[in-house]
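> Got a sequence here, can you build the structure:
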Amino acid sequence: MPTESEALDIPKRPPERIGRAFFEKAGGLVLFMGRFFRDVWRPPYEVRELINQMDEAGSKSFILTAVTGIAIGVVLAMQSRGTLARFGAEAVLPNMLALSVFKEIGPVITSLVLAGRLGAGMAAEIGSMRVTEQIDALEVAALKPFHYLVITRVVACIVMFPVLTTWTNMIALAGGYVESVISADMDYRLFWNSAFSSLRFSDLIVDTLKTSVFGFLVGIVSCYLGYTVRGGTREVGQAAMQAVVISSLLILLADVVVVRISLFLFGAL
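Numbers count the residues shown, from 1 in each chain. Prediction:
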């Protein structure tokens with residue numbers, strides 16, 4: 001009788017091969033990052049393609065991030081109201097909502113949502129060009145596809161992630177305000193004055209700009225997986241899936257590191 005793996009035609013991979021593949025991927029990604037930092041300052045500067053990628057990553061994600069922001073604000077306000085009311089602290093809901101959204105929930109959730117939308121798309125697009133030998137043709141013609149395909153997409157993610165995070169944060173506060181009006185008939189002046197009185201400039205700058213790091217991770221991982229894919233359409237699909245998973249994991253890990261560094265440099269923000 002054939003085993004389950006034989007029946008499903010699943011190749012067996014010993015642990016040492018899995019470990020070797022992991023370190024090969026990790027090493028390749030580090031070298032890919034090094035190539036990015038080396039070539040990003042060198043011509044040609046693909047300004048038009050950069051603008052196109054910023055439009056693709058930015059304006060076409062506005063509706064998605066707006067829905068995300070509304071969900072964050074409304075759900076957070078509904079969940080927190082009952083808990084705060086037990087301690088007679090319902091008046092601090094706007095403060096809590098603003099601090100939670102701007103400092104952690106907004107940046108992380110927005111980056112994860114964008115990783116799902118942009119990561120898979122970039123890996124699939126570049127991977128399709130690789131397996132159809134379009135990138136090879138550009139390299140033979142000495143047109144520097146790395147600048148055109150990789151640098152423009154990574155820089156677009158670095159620039160647009162903070163912009164979209166700010167948009168999401170404001171929509172989340174607006175959603176929390178609407179919920180407060182419906183549930184408690186809160187005056188708009190009280191809500192917005194309380195919300196912004198608890199925020200400092202350092203909160204807005206540090207916790208919003210850290211999404212540039214998240215954007216870099218999403219862009220570089222997705223482009224690397226697409227740029228180095230080998231095989232056919234099946235491998236392209238796997239690269240797109242891996243781009244979302246790895247980018248999301250790296251965002252969560254990077255958030256821990258960035259917050260720890262910011263606390264070390266600036267104290268309790």
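
> So which elements touch the helix or strand where Ile158 lies?
The secondary structure element spanning Ile158 is helix 152-184 (assigned by DSSP states H and E). The criterion is 3 or more CB pairs under 8 Å, 6 or more residues apart in numbering; DSSP states H and E, and the helices and strands that helix 152-184 contacts are helix 47-57, helix 62-86, helix 93-100, helix 106-114, helix 188-197, helix 201-227. (Glycine included, C-beta is placed from N, CA and C.)

> swap the cut-off to 6 Å and go again
Helices and strands touching helix 152-184, as assessed by 3 or more CB pairs under 6 Å, 6 or more residues apart in numbering; DSSP states H and E, comprise helix 47-57, helix 62-86, helix 106-114, helix 201-227.

> and the residue nearest the centre of the chain, what does it touch?
For the chain, the residue sitting closest to the mean C-alpha position, by CA atoms, centre = their mean, is Ser111 at 3.0 Å. Counting by CB atoms under 6 Å, 6 or more residues apart in numbering, Ser111 makes contact with Thr211, Phe214, Ile251.

> List the residues that contact the first one.
Residues in contact with Thr211, defined by CB under 6 Å, 6+ apart, are Pro107, Ser111, Phe161, Pro162, Thr165.

> What is the burial count for the closest residue to it other than its chain neighbours?
Residue nearest to Thr211 in three dimensions, not counting chain neighbours: Phe161, with 4.2 Å by CB to CB, 6 or more residues apart in numbering. Other residues near Phe161 number 31, with proximity taken as other CB atoms under 10 Å.

> so Phe161 touches Gly215, yeah?
Yes: proximity of Phe161 to Gly215 meets the contact threshold set by CB atoms under 6 Å, at 3.3 Å.

> Tell me the pLDDT of Met54.
In this prediction, Met54 carries a pLDDT score of 94.

> any idea how far it is from Met241?
Applying CB to CB, to the nearest Å, one obtains 25 Å for the distance of Met54 from Met241.

> Looking only at neighbour counts, state which of these two leads.
Met54 (18 against 15).

> Enumerate every residue touching the residue lying closest to the more buried one once chain neighbours are set aside.
Once flanking residues are discounted, Met54 sits nearest to Ala156: 4.5 Å by CB to CB, 6+ apart. Shown here is Ala156, whose contacts under the criterion CB under 6 Å, 6+ apart are Gln53, Met54, Ala57.

> Equivalent analysis for Asp187, please.
With CB under 6 Å, 6+ apart as the criterion, no residue contacts Asp187.

> what are the phi and psi angles of it?
Dihedral pair for Asp187: phi -70, psi 140, per degrees, to the nearest 10.

> confidence score at it?
The predicted local confidence for Asp187 is 82.

> any idea how far it lies from Leu204?
Using CB to CB, we find Asp187 at a distance of 24 Å from Leu204.

> One more: Gly226?
Summarising the geometry, the distance separating Gly226 from Leu204, computed by CB to CB, is 34 Å.

> The two: which is more packed in?
Per other CB under 10 Å, whichever of Gly226 and Leu204 has more neighbours is Gly226, with 30 against 15.

> List the residues that contact that one.
In this structure, Gly226 makes contact with Ala123, Ile126, Gly127, Ala239, judged by CB under 6 Å, 6+ apart.

> Reformat these as JSON lines; add secondary structure, pLDDT and neighbour count.
Supplementary listing: the contacts of Gly226 in JSON lines, determined by DSSP: H, G, I helix; E, B strand; the rest coil; pLDDT from 0 to 100; neighbours: other CB atoms under 10 Å:
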{"residue": "Ala123", "secondary structure": "helix", "pLDDT": "94", "neighbour count": "29"}
{"residue": "Ile126", "secondary structure": "helix", "pLDDT": "95", "neighbour count": "27"}
{"residue": "Gly127", "secondary structure": "helix", "pLDDT": "93", "neighbour count": "28"}
{"residue": "Ala239", "secondary structure": "helix", "pLDDT": "92", "neighbour count": "27"}
